[in-house]
Structure formats: structure tokens, C-alpha cells
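Novice: Provided below for reference: sequence and predicted model.
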Amino acid sequence: AQSVTQLDSQVPVFEEAPVELRCNYSSSVSVYLFWYVQYPNQGLQLLLKYLSGSTLVKGINGFEAEFNKSQTSFHLRKPSVHISDTAEYFCAVTPPRGGSNYKLTFGKGTLLTVNP
Amino acid sequence: DVKVTQSSRYLVKRTGEKVFLECVQDMDHENMFWYRQDPGLGLRLIYFSYDVKMKEKGDIPEGYSVSREKKERFSLILESASTNQTSMYLCASSPSINRVSNQPQHFGDGTRLSIL
């Protein structure tokens, strides 16, 4: 079984500041890793995913994340945030192959609030 | 673009009622999922289905059942609604390619259900 810990439930930042949203996972097998974003009153959208290869992955809206196997982390970063980035962000993991087991395990979410 | 449509954005029901939440996807995806989302708890998987008429329990199936008679439609049923089932419900779908789970899930906009 796997688990995901998002270390900050809320992150307030000022516009144009850099931001890092932290995610650690626990798993006995290798995993695929995802970041999703949820804007107010909407469903979740995929920001980026790590499957294999380069540990730095780039996503939409200027976000990127770095997979660190030794620290079992997958932190999300953006060098300069906008007001429109205000949303809740979810980190998720899934085992690569498991028969019918396509389940994503989600963290509890980090609410990013960008202030002017 | 993948579209996952949930039949209602807001729904108000009474305790003891049988409640149906409907979800339709238009991309011929094999996998479909129902989650509930509560503040501070993130997303928790209720049930998922990897094929027509196939279903598996997620992490919190108690008090719920599901139906998948057609590939594009996945229904969540609250057999006898209770106030602790007041929540946001999210449906998602994903393709199944070689039974590998690297495909992201696509989410509907959610149904905010209130049980009075």
C-alpha cells in the first residue's frame, strides 16, 4: 500500500513570489506520481506527472516538480506565481502495474492562496 | 478533449432517501471512479470500475453501491442517505492501456450533495 503526505495544508504567498508545495510518499514498490490542481467549484485537472526518466518534470501553467527517490519526495514549484494560481493542489501516487488496481492515492491537499 | 459529465452540480436530499449520482464520459475509457472530497481529508475513493459490470470497493464503500451497465456511464447510489454523506462527490475516468496505470484520470466538476 502507498500513502501521500502533503506537508502544508495552506500556503499563502504574494504575487510574483516563488512557491514550493511539498509532497512525500511512502510505498514498498515503485510508483507513478502526479500533481493535480482544483480551482474553486471545479473538478481536478492534471498539472504534471512523473513516470520515469528525467527527475525534473514540467507541467502546465509554468509549474514543475522534481522526483527525489532517496527522499521519496515530489515537490511542486513555480518561480513566480499569479493571482490565478490560487487553488487547491493535490499530490497523488499509483503503482505502475497491479492488475485491476488503478487506484490513485491522494494527499489531503494544499490550498495555495496568492495575494496581491 | 475528454469530457466527464456529472448530472447535477448541486443536490439536496432527505435522510433515508435513495440517491443516484450519475456520471458519463465520452472518451471510451475503461476505468471509472467515484470519490468523495471533504475539507482536510482530500479525496477518498468510494468505488471504481475497470470494465462494464465490473466494480471494486475503494477505501470507503460503506453506505454506497455502484452500477456500470454501459461503458460510458457509472452511477453512484446512496442506498439510504444519511447526514454524514453530505459531501462533494467527484467522478473520474481513465483509459486502460496494457493494464498500466500511467494515464491520468479526468475529472468531472463534482456534485455537491447535501443530506438534510
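Specialist: Received it, and whenever you're ready, just let me know what you need.
Novice: go ahead and flag the most central residue of chain B.
Specialist: B:Trp34 (2.4 Å; CA atoms, centre = their mean).
Novice: do I have it right that A:Ala92 meets A:Lys103?
Specialist: No. Applying CB atoms under 8 Å as the test, A:Ala92 and A:Lys103 come out as separate, 9.7 Å apart. For every residue, glycine as well, the C-beta is placed using N, CA and C.
Novice: of those two, who's got more company?
Specialist: A:Ala92 (27 against 22; other CB atoms under 10 Å in any protein chain shown).
Novice: tell me what the top strand by length along chain B is packed against?
Specialist: Scanning chain B for the longest strand, with DSSP state E as the assignment, gives strand B:42-51. If you count contacts as 3 or more CB pairs under 8 Å, 6 or more residues apart in numbering or on different chains; DSSP states H and E, strand B:42-51 packs onto strand A:105-106, strand B:31-38, strand B:54-57, strand B:64-70, strand B:73-78.
Novice: try 6 Å
Specialist: strand B:31-38, strand B:54-57, strand B:64-70 (3 or more CB pairs under 6 Å, 6 or more residues apart in numbering or on different chains; DSSP states H and E).
Novice: can I get these in CSV with distance to chain A and mean pLDDT?
Specialist: Formatted as CSV, these follow (distance: least, CB to the nearest CB, whole Å; pLDDT from 0 to 100):
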stretch, distance to chain A, mean pLDDT
strand B:31-38, 5, 94
strand B:54-57, 6, 90
strand B:64-70, 13, 96
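Novice: determine which stretch of those is the most buried.
Specialist: strand B:31-38 (a mean of 23; mean count of other CB atoms under 10 Å in any protein chain shown).
Novice: give me the distance from that strand to the chain's centre.
Specialist: In this view, strand B:31-38 has its centroid 4 Å away from the chain centroid, taken as CA atoms, centre = their mean, to the nearest Å.
Novice: quickly find the element holding B:His29.
Specialist: If you go by DSSP states H and E, B:His29 is not part of any helix or strand.
Novice: these two touch, right, it and B:Cys91?
Specialist: No. In this structure B:His29 lies outside contact range of B:Cys91 using CB atoms under 6 Å: 11.2 Å.
Novice: please export the C-alpha coordinates of stretch A:45-61 as CSV.
Specialist: Extracted C-alpha coordinates of stretch A:45-61, given in CSV (Å, rounded to 0.1, in the frame of the first residue of the first chain):
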residue,chain,number,x,y,z
GLN,A,45,-7.0,18.9,-13.6
LEU,A,46,-3.7,17.2,-14.2
LEU,A,47,-0.7,19.6,-13.8
LEU,A,48,2.1,17.1,-14.4
LYS,A,49,3.2,13.5,-13.9
TYR,A,50,6.3,11.6,-13.4
LEU,A,51,6.5,8.1,-14.8
SER,A,52,10.2,7.5,-15.5
GLY,A,53,13.3,9.2,-16.9
SER,A,54,14.3,12.8,-16.1
THR,A,55,13.5,13.6,-12.5
LEU,A,56,12.5,17.1,-13.3
VAL,A,57,9.2,17.3,-15.0
LYS,A,58,7.5,20.3,-16.4
GLY,A,59,3.8,20.8,-16.4
ILE,A,60,1.2,23.3,-17.4
ASN,A,61,1.0,26.9,-16.3
